[in-house]
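Trainee: Structure, please.
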Amino acid sequence: MAGVFLPAPWIPGKCPGLIFLLPLLAVSGRVDAATTADAWRALADSRPQEALRITAGLPDSREVRLARALALSHLQPVTDDALAEAEAVFTELAAGQDETALEAHYLRARLHQIHYSRPDPVRAAELYAELAARQPASRWAQLALVKLALLQLYALENPAGPEARLVRAEELLGRLTEPALQRDLHLQIGLAGLHHGLKPERVLPHLVAADRIGDVPGIAQEDLVMQIAELSLRAGRLAQAREYFERYLRDYAVNPRCFTVRHRLVELEQLAAREGAR
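Mentor: Okay, the predicted model is just below:
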């Protein structure tokens with residue numbers, strides 16, 4: 001049997017940070033002044049030097065300091081000194097009680113997760129956990145839960161062992177209220193289970209749950225359909241395998257993979273015939 005098709009891990013943590021953040025930042029009312037909007041647009045376009053120039057001409061405020069620190073953390077070449085300077089601002093802003101404080105808290109955790117030359121997953125996990133407990137229903141706390149789960153699945157020494165990692169991440173699912181983030185975490189738990197060599201039966205429920213929530217971006221949706229079909233066949237869930245293989249033929253009829261899918265359906269018929277004979 002051919003190998004399992006693995007969608008690229010597009011989920012949070014792998015998306016470019018600035019592009020991912022800008023829609024969220026814009027929602028918080030930060031577009032009332034054209035120059036402020038220009039600063040965020042420059043960040044979205046990966047022009048941190050331009051964002052610094054714009055914010056230098058704006059009246060000082062917590063939001064302006066946040067934008068300036070975010071731009072500083074993305075200047076090329078990135079240095080730990082610049083990141084430490086940005087973190088000092090994030091730390092100061094995070095002490096507040098407004099939306100900017102939550103954003104700053106989140107961005108500080110991201111520095112430790114992926115930006116410093118020597119990432120500190122333990123410190124990042126601590127900061128994400130603090131944010132998730134701080135205002136659990138906020139968008140930033142919800143994002144923090146997904147990032148915390150990713151660290152538990154791959155980076156932290158505790159929990160140890162593949163099954164323990166999945167169980168710990170599954171505990172966070174119940175704290176997510178946004179369907180899109182629930183989908184993302186289901187998908188990441190499933191992929192992590194495959195990465196760690198767990199059986200198809202263990203990961204299939206998460207992959208199917210992600211598919212049922214829907215709206216998986218781009219090529220990842222096609223890969224997910226094929227992956228569920230292949231894993232279902234491997235696990236002996238023949239009806240589910242047939243459902244997903246037939247769906248692939250229906251939804252992705254022009255893809256060269258359809259040749260393999262038709263062979264899989266023939267294989268399924270043979271397996272079903274043998275089951276019936278027994």
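
Trainee: switch to C-alpha atoms for all contacts and neighbour counts from now on
Mentor: Fine.

Trainee: What about residue 97, how many residues nearby?
Mentor: 11 (other CA atoms under 10 Å).

Trainee: Please report how far the residue nearest to residue 196 when sequence neighbours are not counted lies from residue 87.
Mentor: In space, and not counting its chain neighbours, residue 196 is closest to residue 162: 5.8 Å by CA to CA, 6 or more residues apart in numbering. Distance, residue 162 to residue 87, using CA to CA, to the nearest Å: 33 Å.

Trainee: got it, and residue 189?
Mentor: 30 Å.

Trainee: neighbour count winner among these two?
Mentor: Per other CA under 10 Å, whichever of residue 189 and residue 87 has more neighbours is residue 189, with 27 against 24.

Trainee: Can you tell me the element that one falls in?
Mentor: Assigned by DSSP states H and E, residue 189 belongs to helix 179-195.

Trainee: What is the subsequent helix or strand relative to that helix?
Mentor: helix 200-213.

Trainee: Tell me the helices and strands packed up against the helix or strand following that following helix.
Mentor: Heading C-terminal from helix 200-213, the first helix or strand you meet, by DSSP H and E, is helix 219-234. In terms of contacts (3 or more CA pairs under 8 Å, 6 or more residues apart in numbering; DSSP states H and E), helix 219-234 is packed against helix 200-213, helix 238-251.

Trainee: Including mean neighbour count, could these go into TSV?
Mentor: As requested, the helices and strands packed on helix 219-234 are exported to TSV (neighbours: other CA atoms under 10 Å):
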stretch	mean neighbour count
helix 200-213	19
helix 238-251	18
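
Trainee: can you put those helices in a markdown table and add mean pLDDT?
Mentor: Shown next, in a markdown table, are these (pLDDT from 0 to 100):
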| stretch | mean pLDDT |
| --- | --- |
| helix 200-213 | 98 |
| helix 238-251 | 97 |
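
Trainee: will you turn those helices into CSV that also has distance to residue 166?
Mentor: Listed next are these as CSV, based on distance: least, CA to CA, whole Å:
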stretch, distance to residue 166
helix 200-213, 9
helix 238-251, 23
